[in-house]
Structure formats: C-alpha cells, structure tokens
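>>> give me the fold of what follows.
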Amino acid sequence: GFQHRQVKRDLDLVLIDATAPFGHGHLLPRGLLREPLPALARADAVILTRADQVDDAERNRIVEAIARHHGRPPLAHAAARWAALLDHDGNEYPVVDHLKNLRVHAVSAIGNPRAFRHQLEQQAQRVAGHTVFPDHHAYRPTDVEAVLTAAQREEAEALVLTEKDWLKWQRAAAGLKPTQSPTLPVLRPVLNVVLFEGSDALDALLNDRLPANEP
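Numbering: from 1, shown residues only. Here you go, the predicted structure:
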C-alpha cells in the first residue's frame, strides 16, 4: 500500500529485505523497485528484515544506503525464524528434529527464493533440489506433477513449501488424477518474526502514532 497515495494511513512502515535490498537498483520491469529509492523519504520508518542473513559489512552498507535515502537508519532489524513445521493435515512438528533425517526437495514461487533455500539449508542437512517458479505463480496440476517427478528422481523423502505457496499448491494437487496423487509428504514452515534490534523503538512509535483503543 505504500504506492497507493489515497489510502488513509496512520503510519507508513517500509520493510527492506537485507538479502535483496534494493530491487537490483532499477525500477520495474528492469528491476524490482516500484519507485525510486528517494521515495523512502515518505516513510515514517524502515525495518530491515532478514538482517541475520547477511554479514556485518553488508548490513552496514545497506543501513548507510537507507539512511541516505530515508534520512534515518532503519528503526529496527528483524529475523524470520522457523518455529515449527506443518504437514498436509495441519499436524505440527519441531523443525530441527523433523528435518535432520529427511532428504527434502524445496518448492517456491516467491520474490526471494534464495533466502528460502538458505533458511531450509540451515535446518535440513540434505536438500536434494529446489524447484523455483516466478513470484505469485499460479500452480497447475502439471507443475505439481513435474515437481513430484524431480523429487522422486532425487530420492527426496518430503517436499518443503512456503506458507504462501501452500494454498495454491493444494488446489493444483487436487486437480491431479488419482494415479498421480502426491506420494511425498508436504511440509511448510511456521514463521516467527523476531526483532533483535530496535524493538523498544518500534513499540514507542506504534504507541505514539496508532489510535488508542476505545474503552
């Protein structure tokens, strides 16, 4: 909603992914930016996400660039943690215990598949492969079939999808013929966002800007 100038708002927070911070430096369609970087000056605050996935030198470079365009450094630094895994039926499993002995195949249709693969490799010792579709891809039964074929060829024991992909994947899998039904368990991580820097500053800003609840 940052580009939708007519939307009423109490606070503008812009999230910047540290692993792919500035859309390759170009506006759409050449890059991923929807506006030039100086537009950050309109934001009330910037939060740097996946800040734990880059080293100190890279994080400092990003912070300096944000401060240059926004006028201030990021208010907070955040990390996304995999809190648990859910299976097809919604059963929950501990991440490390469940993945440590599985050979898995990753599937994603998100803006930053590299970050998803990185997080998976931190949790699973054996990532057999990764099928990447374009962001917002609408899965078709043929896509599901192709992924299953690749995973079985790699002798994978489970598929790991993002929560964003799960619903579209589920609808596409329902379109398979009975003889083509998935034979591998499908897992998806439950994400928790942790602020490891700037938590108090963000709380103070929210309390200051957002209307108090009516009694």
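>>> roughly how far does Ile66 sit from Pro211?
28 Å (Cβ to Cβ, to the nearest Å). For glycine as for every other residue, the C-beta is placed from the backbone atoms N, C-alpha and C.
>>> who has more neighbours out of those two?
Ile66 (24 against 6; other Cβ atoms under 10 Å).
>>> helix or strand for Glu145, which one?
helix 141-153 (DSSP states H and E).
>>> export whichever helix or strand comes after that helix to PDB, keeping only CA atoms.
Of the helices and strands lying after helix 141-153 in sequence (DSSP H and E), the nearest is strand 158-161. C-alpha atoms of strand 158-161 as PDB (Å, rounded to 0.1, in the frame of the first residue of the first chain):
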ATOM      1  CA  ALA A 158       9.500 -34.800   1.600                       C
ATOM      2  CA  LEU A 159       8.600 -31.500  -0.100                       C
ATOM      3  CA  VAL A 160       9.100 -28.200   1.700                       C
ATOM      4  CA  LEU A 161       6.900 -25.300   0.500                       C
END
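>>> what is whichever helix or strand comes after strand 158-161 packed up against?
The C-terminal neighbour of strand 158-161 among helices and strands, as given by DSSP H and E, is helix 163-174. Secondary-structure packing of helix 163-174 (3 or more Cβ pairs under 8 Å, 6 or more residues apart in numbering; DSSP states H and E): strand 103-108, helix 141-153, strand 186-197.
>>> so how far is the shortest one off the chain centroid?
Think strand 103-108. Its chain's average C-alpha position is 15 Å from that of strand 103-108, according to Cα atoms, centre = their mean, to the nearest Å.
>>> pLDDT of the top helix by length along the chain, averaged?
Counting by DSSP state H, the longest helix found in the chain is helix 56-70. Mean per-residue pLDDT for helix 56-70: 97.
>>> got it, and stretch 151-162?
On average, stretch 151-162 scores 96.
>>> would you mark the buried spots in it?
Using 16 or more other Cβ atoms under 10 Å as the test for burial, stretch 151-162 gives Ala151, Ala156, Ala158, Leu159, Val160, Leu161, Thr162.
>>> ok, back up a step: for the helix holding Glu145, packing partners?
Counting by 3+ Cβ pairs under 8 Å, 6+ apart, helix 141-153 packs on strand 103-108, strand 126-132, strand 158-161, helix 163-174.
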